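Engineer: Kindly return the folded structure for what I paste below:
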Amino acid sequence: MKGENALTATLRTKSSRPNYYISIRYRDDTGAHKTKWITTDIPVKGNNKRRAEQRLKEVLAEYEQQKVDLSKEVLFTVFMAQWLENHKHSIASTTYDGYKLVLKTHILPYFQPKKLKVRDVTPLHIQQYINHKMQSISPNTVIKHLRNISKCLDSAVRQNLIAFNPVSRIDKPKRIKYTGAKYYNEKQIEQLLECSKGDPLEMVILLTVYYGLRRSEVLGLKWDAVDMVNNVITIRHTVTESFNKLHKTDATKNDSSYAVIPMPDMIKAKFKWWKARQAEHRLLQPNDYNNEGYICTQIYGSLIKPSYVSQHFKVLLKKNNMPIIRFHDLRHSAAGYLRYLGFDLKDIQIWLRHSDISTTANIYLNLDMSAKTAIANKLSEKFSNFIGDNIGDMYYFEVNSAKNKAPRQEKTLF
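Structural biologist: Presented below is the predicted three-dimensional model:
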């Protein structure tokens, strides 16, 4: 934006309005002074001036950082591409890559031929985009597209380029709940641990089944997170992959995912054994060994990639004639195994580090048919003690009624 050095913002009030406003004064491309008014939605009444001043700083920083075209002539596609680039460093790298892919392969190809300006985007345009995309991709994916568009248009609202966000006024598709999750029972888990011995994923599978770790968490484990003195492990680093690029981050999925977990003697012994194996590998190839400090590595020291885990896991299952499940389903299996061992819902929530116990109940504790059958049989055993006679009487009544019932007379039309 030309003349951005002349950009100023002032906190204002209006006698007829209950909220604080921000007045932004700037120069357009011709050098003429322009003024824009932005509502903060913060009430004047009450002790809110400090909040309004903080919002003023945020808005001013947003304008200065983004250098957004303050005229309403900017094209929607240009504005959205600019919005994403300006937020590149404020969102996770994997999130940015996902947004960029959606923008490049879906949103821009659809909207560019229309040459819509930001001010001209209506709910109908967004609805037509949804209807078009629903023909080729799932509702859940379309919802992700809408999330990207909505965040961009929220920014346009804050900058007074549009009066409201068009996404807020459409009929959004309903999310389809994933029902394909499967999990191994206790016997299958024990079989998996046995057949994975000596496999490149041996440590990955053991730690995933034992602790119920996510793939990003187990691959992100480093030796400096293992405290051999206090016998604890700290979950604080994750490894993800998008578009064949690894993202190594000192962060977890959410606050509850960050945790210090106990390390019993069995796991400690396994760690010592594996560290000795890594030392042997390093001696065999001192010049080529890649030592980044990770636990779950290939024989030459490089980190095992998330894509390799998913692909090789299925190869391992097929090789050993085991039911094919997703690698993430091992986390489900860990919950089921804990239930089999007698732990209650709260215990499992704590162990799997779910922020909400409803997640534990809704996703990870779907009883298998054998468990349901056991419950049904137990209930039948108890209920038969006080309704058994009634069932017998009912059976006797129905049989004798059928025997004594007179033949039905056929009715005629005339």
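Engineer: for the helix or strand hosting residue 210, the distance to its chain's centre please.
Structural biologist: Assigned by DSSP states H and E, residue 210 belongs to helix 202-211. The chain centroid and the centroid of helix 202-211 are separated by 22 Å, computed with CA atoms, centre = their mean, to the nearest Å.
Engineer: what's that helix packed up against?
Structural biologist: On a contact count with 3 or more CB pairs under 8 Å, 6 or more residues apart in numbering; DSSP states H and E, helix 202-211 meets helix 186-195, helix 215-219, helix 265-284, helix 329-340. Where you see a C-beta, it was placed from the backbone N, CA and C, and this is true even at glycine.
Engineer: between it and helix 186-195, how many degrees?
Structural biologist: 150 degrees (axes from the mean of the first three to the mean of the last three CA atoms, to 10 degrees).
Engineer: Give me the mean pLDDT for helix 202-211.
Structural biologist: Averaged over helix 202-211, pLDDT sits at 94.
Engineer: again, but for stretch 236-256
Structural biologist: Mean per-residue pLDDT for stretch 236-256: 79.
Engineer: Likewise for stretch 107-127?
Structural biologist: pLDDT averaged over stretch 107-127 gives 94.
Engineer: can you list contacts of it?
Structural biologist: 72-77, 79-81, 129, 132-133, 145-146, 148-149, 153, 156, 161-162, 166-167, 169-171 (CB atoms under 8 Å, 6 or more residues apart in numbering).
Engineer: Mind giving me the PyMOL select for those, buried ones only?
Structural biologist: Buried residues among the contacts of stretch 107-127 (16 or more other CB atoms under 10 Å), as a PyMOL selection:
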select buried, resi 74+75+76+77+79+80+81+129+133+145+146+148+149+153+156+161+162+166+167+170
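Engineer: Just the ones of the contacts of stretch 107-127 in helices?
Structural biologist: 76-77, 79-81, 129, 132-133, 145-146, 148-149, 153, 156 (DSSP state H).
Engineer: Kindly state the domain boundaries assigned to this protein.
Structural biologist: 1-67, 72-176, 186-363 (automatic domain parsing).
Engineer: so what's the residue nearest to residue 320 when sequence neighbours are not counted up against?
Structural biologist: Excluding its sequence neighbours, the residue lying closest to residue 320 (CB to CB, 6 or more residues apart in numbering) is residue 195, at 4.3 Å. When contacts are counted by CB under 8 Å, 6+ apart, residue 195 touches 316, 319, 320, 322.
Engineer: now residue 195: how far from residue 201?
Structural biologist: 11 Å (CB to CB, to the nearest Å).
Engineer: Next: residue 15.
Structural biologist: Counting by CB to CB, the gap from residue 15 to residue 201 is 69 Å.
Engineer: Among those two, which residue is more densely surrounded?
Structural biologist: Comparing residue 15 with residue 201 by other CB atoms under 10 Å, the one with more neighbours is residue 201, at 19 against 4.
Engineer: Surely the more buried one touches residue 316?
Structural biologist: Yes. Applying CB atoms under 8 Å, one finds residue 201 in contact with residue 316, separated by 6.6 Å.
Engineer: Pull up the overlap in contacts between the two.
Structural biologist: With CB under 8 Å, 6+ apart, residue 201 and residue 316 have no common neighbours.
Engineer: Show me what counts as buried in stretch 47-62.
Structural biologist: 52, 55, 56, 59, 60.
Engineer: let me redo that: stretch 93-103
Structural biologist: Neighbour-count burial for stretch 93-103, counted by 16+ other CB under 10 Å, picks out 93, 94, 96, 97, 98, 99, 100, 102, 103.
Engineer: what's the helix or strand for the second one?
Structural biologist: Secondary structure assignment for residue 94, by DSSP H and E: helix 93-102.
Engineer: Next SSE downstream of that helix?
Structural biologist: As the chain continues past helix 93-102, the following element, by DSSP H and E, is helix 108-111.
Engineer: Distance check, residue 351 against residue 327.
Structural biologist: The separation that residue 351 has from residue 327, given CB to CB, amounts to 19 Å.
Engineer: Among these two, which residue is more densely surrounded?
Structural biologist: residue 327 (21 against 18).
Engineer: thinking again about what came up before, which of the helices and strands packed on helix 202-211 sits most buried?
Structural biologist: Of all those, helix 215-219 carries the top mean neighbour count, a mean of 25, counting by mean count of other CB atoms under 10 Å.
Engineer: can you give me the helices in the stretch 251-400 of the chain?
Structural biologist: 265-284, 306-319, 329-340, 345-352, 357-363, 369-404 (DSSP state H, counting those that start in this stretch).
Engineer: now for the first one, which elements pack on it?
Structural biologist: Okay, so that is helix 265-284. Applying 3+ CB pairs under 8 Å, 6+ apart, we find helix 265-284 packed against helix 202-211.
Engineer: and if you look at the second one?
Structural biologist: Judged by 3+ CB pairs under 8 Å, 6+ apart, helix 306-319 is in contact with helix 186-195, helix 215-219, strand 238-242.
Engineer: Between strand 238-242 and it, find me the angle.
Structural biologist: 90 degrees.
Engineer: What are the buried residues along helix 306-319?
Structural biologist: 306, 308, 309, 312, 313, 316, 317.
Engineer: so residue 234 sits in a strand?
Structural biologist: Yes. According to DSSP: H, G, I helix; E, B strand; the rest coil, residue 234 belongs to a strand.
Engineer: wouldn't it be in contact with residue 260 here?
Structural biologist: Yes. The criterion here is CB under 8 Å, and residue 234 meets it with residue 260 at 5.2 Å.
Engineer: So residue 17, which state does it fall into?
Structural biologist: coil.
Engineer: Compute the number of surrounding residues for it.
Structural biologist: Count around residue 17 with other CB under 10 Å applied: 11.
Engineer: excluding its backbone neighbours, what's nearest it?
Structural biologist: residue 39 (7.7 Å).
Engineer: in the helix or strand encompassing the one you found, what's buried?
Structural biologist: Here residue 39, judged by DSSP H and E, is contained in strand 33-43. Neighbour counts over strand 33-43 (16+ other CB under 10 Å) mark 38, 40, 42 as buried.
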